[in-house]
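Student: fold the following.
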Amino acid sequence: MEKIDLACIIDDDPIFVFGAKRIMEMAHFCEDFLVYSNGREALDKLKVMIEAGEKIPDIILLDINMPILDGWGFLDEFTQIPIEKKITIYIITSSIDPADTQKVKYYEDVSNYIIKPITAEKLKKILSENTKD
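Tutor: Model (predicted):
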């Protein structure tokens, strides 16, 4: 199975980010990754990358409960940016709130809703959905 070229983690929990990066490395998930601690920071940096024609992520792992700009706010703004490349977005959250699982259905750019913790098995499933053997 191929690796993802560039993945992006948007999450304000440094423990989750540390663990996710380690699991990504162990699972040979991606060549490189970007990490942002909230939706505003991610949105601002990704917009600059897109406008500059730089390499952008293939996959975004997005938490929904964050300060400054939460995952929903990020999605509302990010999905309005014209991008030639398809970026696959996964909600990675600890929320088991039925309202969140229903709300995600309104975002066609979101591929799946995954409950934390992230595991090697969950990453392998994401990888298999997004790469060719």
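Student: just the strands in this structure please.
Tutor: Secondary structure of the chain (DSSP state E): strands at 4-10, 30-36, 59-62, 88-93, 110-115.
Student: can you say which of those strands is packed in most?
Tutor: strand 59-62 (a mean of 26; mean count of other Cβ atoms under 10 Å). C-beta coordinates here come from the backbone N, C-alpha and C atoms, glycine included.
Student: for that one, packing partners?
Tutor: If contacts are counted by 3 or more Cβ pairs under 8 Å, 6 or more residues apart in numbering; DSSP states H and E, strand 59-62 sits against strand 4-10, helix 71-78, strand 88-93.
Student: so which residues make contact with that strand?
Tutor: Residues from elsewhere that reach strand 59-62 (Cβ atoms under 8 Å, 6 or more residues apart in numbering): 4, 7-11, 20, 30, 39, 42, 71, 74-75, 87-92, 118, 126, 130.
Student: now do stretch 69-81
Tutor: Contacts of stretch 69-81 (Cβ under 8 Å, 6+ apart): 10, 38-40, 42-43, 46-47, 50, 62-65, 89, 91, 93, 103, 107, 109-110.
Student: let me see the mean pLDDT of that stretch.
Tutor: For stretch 69-81, the mean pLDDT works out to 94.
Student: go through that stretch and flag the buried ones.
Tutor: By neighbour count on 16 or more other Cβ atoms under 10 Å, the buried set for stretch 69-81 is 69-75, 78.
Student: then stretch 37-50?
Tutor: The neighbour-count check on stretch 37-50 (16+ other Cβ under 10 Å) flags 37-43, 46, 49-50 as buried.
Student: let's see that stretch as PDB, backbone CA atoms only.
Tutor: Taking Å, rounded to 0.1, in the frame of the first residue of the first chain, the C-alpha atoms of stretch 37-50 are listed here in PDB:
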ATOM      1  CA  SER A  37      -3.700  23.700  17.000                       C
ATOM      2  CA  ASN A  38      -7.000  25.400  15.900                       C
ATOM      3  CA  GLY A  39      -9.200  25.900  12.900                       C
ATOM      4  CA  ARG A  40      -8.200  29.600  12.400                       C
ATOM      5  CA  GLU A  41      -4.500  28.800  12.300                       C
ATOM      6  CA  ALA A  42      -5.000  25.900   9.900                       C
ATOM      7  CA  LEU A  43      -7.300  28.000   7.700                       C
ATOM      8  CA  ASP A  44      -4.900  30.900   7.500                       C
ATOM      9  CA  LYS A  45      -1.900  28.800   6.700                       C
ATOM     10  CA  LEU A  46      -3.700  26.500   4.200                       C
ATOM     11  CA  LYS A  47      -5.100  29.500   2.300                       C
ATOM     12  CA  VAL A  48      -1.600  30.900   1.900                       C
ATOM     13  CA  MET A  49      -0.300  27.500   0.700                       C
ATOM     14  CA  ILE A  50      -3.200  27.100  -1.800                       C
END
